[in-house]
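S.K.: pasted the sequence and its predicted model underneath.
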Amino acid sequence: MEDEGLLLGGIALATALLLGLMGAAIVQGLWVTGRRGRQAYLRATETRLAHLFVFIGPRPVLYASAGLSLSGAALGWVLFRHPIPAAVAGGLCWTLPSRILSHLERRRRQQLEEQLVPALNTLSSALRAGFSLPQGLERLSQEMGPPLCQEFGLVLNEHRLGISLEQALEHLRARLQNEAMDLVVGAVLLAYGTGGNLSEVLTQIARLLRERTRIKRKIRSLVAQGRLQGTVVSLLPATFGLALHLLDPGLLAPVFRDPLGLLCLAAAALFQAAGWLLIRRITSIEV
């Protein structure tokens with residue numbers, strides 16, 4: 001009996017070493033052959049961080065993604081003792097830093113839209129008081145909080161370095177990719193270039209954006225309610241299965257050992273993901 005245990009232990013150790021060597025070879029191969037992809041990822045991450053005014057390099061984000069991926073894969077292996085849950089957990093953890101950046105981008109866009117109406121009113125009042133457009137933008141960069149003060153401050157810095165104000169505003173529009181800012185910049189450039197009543201134009205745009213924001217907030221609350229319900233329903237099977245596994249680890253073991261069980265799990269996961277994506281698509285309403 002003792003010899004059999006030693007034999008099984010040796011086989012397990014040899015298997016673990018073999019899997020470790022295979023994993024190291026795969027990782028090294030992906031790391032070497034994926035140099036172009038890695039550089040593209042670093043450039044895209046650097047651009048996203050610059051737009052967020054987060055002045056750190058992109059490599060910490062890459063290292064955080066790799067570390068979280070390995071940690072998630074290890075946790076999935078410890079909990080389920082199967083490569084499929086470990087791979088899924090590792091893949092999900094890899095996307096966490098990117099998801100955090102996406103959340104910060106959405107929050108920044110939302111804050112900017114909320115600041116636009118008072119900023120336009122302030123700029124309109126400054127123009128009526130005799131300020132020029134660059135002076136009004138400088139007043140905004142001093143009085144408003146981030147992110148709007150950062151964006152207009154960058155516009156003014158570009159203008160001081162010799163770039164025309166029109167071109168600096170075009171850079172602002174291209175950088176933000178925001179419908180409200182597109183409307184504001186387009187109206188400002190048109191009125192500023194033709195000599196129109198810019199203060200009156202800004203007042204009308206502020207009134208339009210205020211009504212748009214009110215409707216958007218109402219729709220956003222209804223959309224959030226529907227998405228939360230869809231997320232809860234989609235996570236129920238996985239949560240129930242995890243609870244069963246923690247209460248009785250051997251209860252679901254035959255499902256992971258049997259190819260038919262793995263096929264059923266994959267089909268269930270696919271249908272759950274399809275349902276969740278369908279709910280997200282239905283509740284995606286643009287205003």
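M.R.: Yep, it's here.
S.K.: contacts and neighbour counts: CA atoms only from here.
M.R.: OK.
S.K.: in the host helix or strand of Arg43, which residues are buried?
M.R.: Arg43 is part of helix 35-51 when elements are defined by DSSP states H and E. Neighbour counts over helix 35-51 (16 or more other Cα atoms under 10 Å) mark 38, 42, 45-46, 48-49 as buried.
S.K.: flag whichever of those scores worst on pLDDT.
M.R.: Ranked by pLDDT, the buried residues of helix 35-51 bottom out at Arg38 (75).
S.K.: quick check: that one vs Leu101, distance?
M.R.: Note on Arg38: its distance to Leu101, by Cα to Cα, to the nearest Å, is 18 Å.
S.K.: give me every residue that touches Leu68.
M.R.: 90, 93-94, 96 (Cα atoms under 8 Å, 6 or more residues apart in numbering).
S.K.: the lengthiest helix in the chain: what's the following helix or strand?
M.R.: If you go by DSSP state H, the chain has its longest helix at helix 198-247. Per DSSP H and E, the first helix or strand lying C-terminal to helix 198-247 is helix 253-257.
S.K.: need the contact list for Ile205.
M.R.: 120, 184.
S.K.: hmm, 10 Å instead?
M.R.: Contacts for Ile205 (Cα atoms under 10 Å, 6 or more residues apart in numbering) come out as 116-117, 120-121, 180, 183-184, 187, 199.
S.K.: how far away is Arg280 from Phe131?
M.R.: Distance from Arg280 to Phe131, by Cα to Cα: 47 Å.
S.K.: go on, Gly91?
M.R.: 54 Å.
S.K.: of those two, who's got more company?
M.R.: Gly91 (18 against 15; other Cα atoms under 10 Å).
S.K.: was I right to think that one contacts Pro97?
M.R.: No: judged on Cα atoms under 10 Å, Gly91 makes no contact with Pro97 at a distance of 11.9 Å.
S.K.: biggest separation within the contacts of Leu68, which pair?
M.R.: Gly90 and Leu96 (10.3 Å; Cα to Cα).
S.K.: quick one: which of those two has more around it?
M.R.: Ranked by neighbour count (other Cα under 10 Å), Gly90 and Leu96 place Gly90 first, with 24 against 16.
S.K.: buried stuff in the helix or strand where the more buried one lies?
M.R.: If you go by DSSP H and E, Gly90 is part of helix 83-94. Within helix 83-94, the residues scored as buried using 16+ other Cα under 10 Å are 84-87, 89-91, 93-94.
S.K.: now do the same for the most centrally placed residue in the chain: its pLDDT.
M.R.: Taking Cα atoms, centre = their mean, the centroid of the chain lies closest to Ser102, which sits 1.7 Å from it. For Ser102, the model assigns a pLDDT of 93.
S.K.: that one touches His51, doesn't it?
M.R.: No: the criterion here is Cα under 10 Å, and Ser102 misses it with His51 at 11.6 Å.
S.K.: list residues touching both of these two?
M.R.: Contacts common to Ser102 and His51, judged by Cα under 10 Å, 6+ apart, are Arg108.
S.K.: domain assignment for this protein?
M.R.: The chain is divided into the following domains under automatic domain parsing: 1-29, 34-94, 110-215.
S.K.: would you turn those domains into JSON lines with distance to Leu235?
M.R.: What follows is the domains of the chain, written out as JSON lines (distance: least, Cα to Cα, whole Å):
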{"stretch": "domain 1-29", "distance to Leu235": "30"}
{"stretch": "domain 34-94", "distance to Leu235": "14"}
{"stretch": "domain 110-215", "distance to Leu235": "28"}
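S.K.: out of these, which gets nearest to Ala269?
M.R.: Using Cα to Cα, the nearest of the domains of the chain to Ala269 is domain 34-94, at 11.0 Å.
S.K.: so what touches stretch 218-238?
M.R.: By Cα under 10 Å, 6+ apart, stretch 218-238 touches 213, 217, 239, 242-244, 268-269, 271-287.
S.K.: low-confidence ranges in this structure?
M.R.: 1-35, 37, 286-287 (pLDDT under 70).
S.K.: got any residues that touch both of Gly90 and Leu96?
M.R.: With Cα under 10 Å, 6+ apart as the test, Gly90 and Leu96 both reach 65, 68-69.
S.K.: so what's the residue count around Ala267?
M.R.: 12.
S.K.: buried ones in the helix or strand containing it?
M.R.: Using DSSP H and E, the element containing Ala267 is helix 259-282. Neighbour-count burial for helix 259-282, with 16+ other Cα under 10 Å as criterion, is recorded at 272, 275-276, 279-280.
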